[in-house]
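J.: this one's structure only:
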């Protein structure tokens, strides 16, 4: 999966290549969160529609990159592939309209699925799409056209191309755990999809298969020593989690609101990645917050193990996390010339690490983890 940003927030032009496990590394205000905002916007276009997705990100004007004070029109291009298929892409270009409004300048996609090829193209007023099935390769493609409402995405009217793009965008998920939300009493829910802030962890945990719950408890115990079990507790019309933790003399029980922020964050992160419905791309912002340094390496190892099943992206400025990752998993994010940039680690930074002279975390601490430019 690859994301190219043009004139989006702090990025003038940047390409982010996602591997099985990637860490966006850089100081505060370098642009890491802005890259995550692009992923979140694309997902929300598929779920809520373009107008609401833009509103949830602060509005169209807030997303435009400003160079020397002049705003520029943003564009996002996502390259992805379904299992065993050649690369597909989706691209959205937006433009300003007088009065602070926006328009869709163009929206295009080319999608390969089971050797069938589906395309769509829109100028913001009409969308044309074609379906070319592998068994009909010798037949001329018959395009279909529909009107698109001003300011709306054409995905819902773009045939199989639109359907498959929506499916791909919805598999990109972000996690921004709020321990207060995890710890508070929650309403029961039948949903199996993890809310980004952790506000439905009880229902998600309850919906896990028994083996997955046991495995999650084991993973959490590796991060927070003494955790023995986690159960769902119902209090009137609300529910929470009850933890059993081994202490010096006996096992004690604690409700979620009695547990530390670090424990609740670790639980929510593990729960988000262990869902069977999780596929595609999972983005976790700054997993190190409130988690003890000694537990960080264990958490990263657990996330790395799950990256065989789902692509994992984290943002961090923790040297301890950087030390726990392969150099090739790092993407350096930095700000220069009124714009954010992103690139893999440079060869001259990799060489002393390979020779055992220094660690990647030490390079980061000394501001010497240089990008390949």
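T.: Alright, I've got the coordinates. Keep in mind that this is a model prediction, so the values were computed, not measured. Residues are numbered from 1 along each chain as shown.
J.: So which residue is smack in the middle of the chain?
T.: residue 283 (2.9 Å; C-alpha atoms, centre = their mean).
J.: Does residue 194 touch residue 201 like I think?
T.: Yes: counting by C-beta atoms under 8 Å, residue 194 does reach residue 201; the two are 7.5 Å apart. For every residue, glycine as well, the C-beta is placed using N, CA and C.
J.: list residues touching both of the two?
T.: 268, 271 (C-beta atoms under 8 Å, 6 or more residues apart in numbering).
J.: re the thing from before, doesn't the residue nearest to the centre of the chain fall inside a strand?
T.: Yes: applying DSSP: H, G, I helix; E, B strand; the rest coil, one finds residue 283 inside a strand.
J.: who's it bridged to?
T.: residue 174, residue 313 (DSSP bridges).
J.: Could you number the chain from 390 rather than 1 from now on?
T.: Yep, numbering from 390; the last one is residue 672 now.
J.: Test my guess that it contacts residue 560.
T.: No: contact between residue 672 and residue 560 fails when scored by C-beta under 8 Å: they sit 11.5 Å apart.
J.: Parallel or antiparallel, list what pairs with the longest strand seen in the chain.
T.: Criterion DSSP state E: the longest strand present in the chain is strand 490-502. Taking DSSP bridges as the criterion, strand 490-502 forms sheet pairs with strand 477-486 (antiparallel), strand 505-511 (antiparallel).
J.: What residues sit buried inside that strand?
T.: 491, 492, 493, 494, 496, 497, 498, 499, 500, 501, 502 (16 or more other C-beta atoms under 10 Å).
J.: If we ignore the residues flanking it in sequence, what's nearest the fifth one?
T.: The shortest distance from residue 496 to any residue that is not its chain neighbour, by C-beta to C-beta, 6 or more residues apart in numbering, is 4.3 Å, and that residue is residue 511.
J.: Check whether that neighbour really touches residue 541, as I assumed.
T.: No: Residue 511 is not in contact with residue 541 according to C-beta under 8 Å; the separation is 9.6 Å.
J.: just checking, what packs against the host helix or strand of residue 441?
T.: According to DSSP states H and E, residue 441 maps onto helix 439-445. Here helix 439-445 touches helix 421-437, going by 3 or more C-beta pairs under 8 Å, 6 or more residues apart in numbering; DSSP states H and E.
J.: who touches the helix it packs on?
T.: Contacts of helix 421-437 (C-beta under 8 Å, 6+ apart): 392, 394, 397-400, 403, 405, 413-415, 441-443, 445-446, 452, 465, 467, 479, 481, 542, 544, 554-555, 558-559, 561-563, 670, 672, 674, 702, 704, 722, 729, 731.
J.: Any of the residues you listed buried? List them.
T.: Counted by 16+ other C-beta under 10 Å, these give 392, 394, 397-400, 403, 405, 413-415, 442-443, 446, 452, 465, 467, 479, 481, 542, 544, 554-555, 558-559, 561-563, 670, 672, 674, 702, 704, 722, 729, 731 as buried.
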